[in-house]
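just to be clear, the model below is a prediction. Sequence and coordinates:
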Amino acid sequence: MSQPRFLCDEMLGHLCRYLRAAGYDTLLANGGRRDAELLRQCREEGRYFLTQDTLISEHKAADGIALILPHAPLDHLVELIDARFHIDWLAHAFTRCLMDNTPLVPADEAATARIPQDARRPDEPLCHCPTCRRVYWRGSHYKRMHARLEAWQRKNT
């Protein structure tokens, strides 16, 4: 079974980052685009639309695509998404850029050279985004996010 793909509305940026951290292809709406345009993009790209806009239900195109989420803490939003999509928070964790959703690749020497030696361990895998050139390593930010993904995964089992 293939992984679901998502488009989050502008209000769900934090959720979008965590779905990307879990390895899910997740876009973030921006620029105040109209609902009809976002729904059309979801249909064309095979994505689910995650939104907090209750008016989206007025669009016929939202049927089967839009999941209306309440204004609630992130952990509650995750429970609702888990109930619908059965998210595996760890199977593909940290394989996408948190900023632009691009699949990460192993860091080359040029990318590795941009990371201070004291910020990483020599045996630690480094990845980078070929689009924005951001380098990822397993520092404190990774550890905090990973701990949260693990907690959500434990709730699923």
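Now that the structure is in, tell me what you want to look at. Numbering: from 1, shown residues only.

shaky segments in this protein?
1, 119-120, 122, 157 (pLDDT under 70).

domain parsing of it, as residue ranges.
Following automatic domain parsing, one gets these domains for the chain: 5-85, 105-156.

could you dump these to CSV with mean neighbour count and distance to residue 98?
C-betas here are computed from N, CA, C, even on glycine. Formatted as CSV, the domains of the chain follow (neighbours: other C-beta atoms under 10 Å; distance: least, C-beta to C-beta, whole Å):
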stretch, mean neighbour count, distance to residue 98
domain 5-85, 17, 5
domain 105-156, 13, 8
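
what would those domains look like in a markdown table with distance to residue 91?
Putting these into a markdown table (distance: least, C-beta to C-beta, whole Å) gives the following:
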| stretch | distance to residue 91 |
| --- | --- |
| domain 5-85 | 7 |
| domain 105-156 | 9 |
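
for the ones you listed, which one sits closest to residue 99?
Taking C-beta to C-beta, domain 105-156 is the member of these nearest to residue 99, at 5.6 Å.

mind checking which of the domains of the chain is nearest residue 92?
Closest among those, once you apply C-beta to C-beta, is domain 5-85, at 2.7 Å.

endpoints of that closest one, how far apart?
10 Å (C-alpha to C-alpha, to the nearest Å).

next one: stretch 118-137
12 Å.

contact partners of that stretch?
Contact with stretch 118-137 is made by 94-95, 97, 99-100, 102, 104-108, 111-112, 114-115, 138-139, 142, as judged by C-beta atoms under 8 Å, 6 or more residues apart in numbering.

how about residue 27, nearest residue that isn't a chain neighbour?
residue 7 (4.7 Å; C-beta to C-beta, 6 or more residues apart in numbering).

show me what contacts the one you found?
Neighbours of residue 7 in contact, by C-beta under 8 Å, 6+ apart: 26-29, 38, 41-42, 45, 47-50.

what is it paired to in the beta sheet?
residue 27, residue 49 (DSSP bridges).

ok, it to residue 35 distance?
Distance, residue 7 to residue 35, by C-beta to C-beta, to the nearest Å: 11 Å.

residue 42 now?
The gap separating residue 42 from residue 35 is 10 Å, by C-beta to C-beta.
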